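Colleague: Whatever this is, show me its structure:
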Amino acid sequence: MTLATHSTPRPGRKQKVVDDIVHGDLNLAAAALLYDMAAMQPTERSQFGYKRAARALVNLPADVSELVAAGILREVPFIGPSSTRIISELVESGQSATVEAALARSAASAKVLQLRGYREGYLSHFAMQQALAASLGSGLVEAAAYRGDFQTHSTWSDGSVAIAEMADAAAARGHSCLGITDHSYGLPIARGMSMEDVARQHREIDELNRRLGEGFRVYKGIEANILADGSLDVQPGERASFDFIVASPHSQLRKTDDQTGRMLAAVRGQGVSILGHPRGRMFNGRGGVIADWDRVFAEAAARRVAVELDGNWHRQDLDFVLARRAMAAGCLFALDSDAHSPAELRFSEYAVAHARLAFIPATRVINCWSRADLEAWMRERADEVR
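Modeller: Below you'll find the predicted structure:
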């Protein structure tokens, strides 16, 4: 594997580059103010306008301050007069008098303050681009070294297209492998697969791999649900069917109780390969699982279970802040899109961006490993249940 090289900046300069990207993310800051305004609106219709404008800012490929300076902010679709005023105030003064005045007289002020806590550690599209392009030193993970995505979904559960179409889309992005991880049977809301479905899906993957030849490989994964006690909804004897197991929390994500024991048990689960979106957080919606993450990361490192940076825009979980702690603990990482459609495969770029901001080297990232190294690691994890 060949990585692009850069001169290595001094540690202090590296951190300054990161701080400039994160704290200078005016696109996300402006979107957050619009979400504040949405939370204070009396009707769903009035909320929708602000939320739509916020999403436009989040996905904007340009720096919003440049659009304000050029007087062309209104040319961005869905940015209306009220949103323009709020964004311009932020760019010009670092805050919005309009939002603060609304907050002072709103009965929803407590709700807004709570929601603000659910927006920390996220990147806008523009900040993500900056993180991918930043000179942060040699050896760090880069998009060019990314070989394949290990959390994706198909029509076998809640994805929108067949496995073959997901594989074609991944290959079009320059990837050489793909992990299909449809949901397990314990998550009926996501149309989780029965083990009979799994057997049929695996026959489909075997046939697809025969047609694809040696140039591209589809791996048989499953996204197993972490139950309240830390066990999985896929039994140990059933796990031997898969190349790798992603264990992810999908319940009890708003509890204020410590769930360290639950997450430790999941990491210790037989055959578990990846701890998926560990907190289960959601932008502007929930903070996710509360745990002693340093203990969880230490256990994951000891067992060589990869910790996921889920790039789905609304998740971005782990973010670069917690990822640095996982890095210090010695963890391996999986940088995944959590794609449910071909268009969402691009979310892997957010995962790579967070990994770069956490100074994670490509050698710690399973998505960058050679096929031989990747499959040896998969066998190592799977041997616990075979």
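
Colleague: Which residue ranges of the stretch 1-150 of the chain form helices?
Modeller: 11-23, 26-39, 44-58, 64-70, 81-93, 97-105, 109-116, 125-133 (DSSP state H, counting those that start in this stretch).

Colleague: any idea which of those helices is most buried?
Modeller: helix 26-39 (a mean of 24; mean count of other Cβ atoms under 10 Å). No exception for glycine: its C-beta is placed from N, CA and C like everyone else's.

Colleague: Mind exporting the C-alpha coordinates of it to PDB?
Modeller: This file holds the C-alpha atoms of helix 26-39, laid out as PDB (Å, rounded to 0.1, in the frame of the first residue of the first chain):
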ATOM      1  CA  LEU A  26     -19.000  28.700  10.300                       C
ATOM      2  CA  ASN A  27     -21.200  26.500   8.000                       C
ATOM      3  CA  LEU A  28     -22.000  24.200  10.900                       C
ATOM      4  CA  ALA A  29     -22.300  27.100  13.400                       C
ATOM      5  CA  ALA A  30     -24.800  28.900  11.200                       C
ATOM      6  CA  ALA A  31     -26.800  25.700  10.600                       C
ATOM      7  CA  ALA A  32     -26.900  25.200  14.400                       C
ATOM      8  CA  LEU A  33     -28.500  28.600  14.800                       C
ATOM      9  CA  LEU A  34     -31.100  27.800  12.300                       C
ATOM     10  CA  TYR A  35     -31.900  24.600  14.200                       C
ATOM     11  CA  ASP A  36     -32.200  26.800  17.300                       C
ATOM     12  CA  MET A  37     -34.800  28.800  15.500                       C
ATOM     13  CA  ALA A  38     -36.600  25.700  14.200                       C
ATOM     14  CA  ALA A  39     -36.900  24.400  17.800                       C
END
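
Colleague: which helices and strands sit right next to it?
Modeller: Applying 3 or more Cβ pairs under 8 Å, 6 or more residues apart in numbering; DSSP states H and E, one finds that helix 26-39 contacts helix 44-58, helix 64-70, helix 81-93, helix 97-105, helix 109-116, helix 125-133.

Colleague: Turn those helices into JSON lines, columns for mean pLDDT and distance to Asp336.
Modeller: Formatted as JSON lines, those follow (pLDDT from 0 to 100; distance: least, Cβ to Cβ, whole Å):
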{"stretch": "helix 44-58", "mean pLDDT": "95", "distance to Asp336": "20"}
{"stretch": "helix 64-70", "mean pLDDT": "96", "distance to Asp336": "28"}
{"stretch": "helix 81-93", "mean pLDDT": "97", "distance to Asp336": "32"}
{"stretch": "helix 97-105", "mean pLDDT": "96", "distance to Asp336": "35"}
{"stretch": "helix 109-116", "mean pLDDT": "95", "distance to Asp336": "26"}
{"stretch": "helix 125-133", "mean pLDDT": "97", "distance to Asp336": "15"}
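
Colleague: can you redo those helices as TSV with distance to Arg364?
Modeller: As requested, the helices and strands packed on helix 26-39 are exported to TSV (distance: least, Cβ to Cβ, whole Å):
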stretch	distance to Arg364
helix 44-58	28
helix 64-70	34
helix 81-93	37
helix 97-105	40
helix 109-116	32
helix 125-133	17
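
Colleague: Please consider this matter closed, and thank you.
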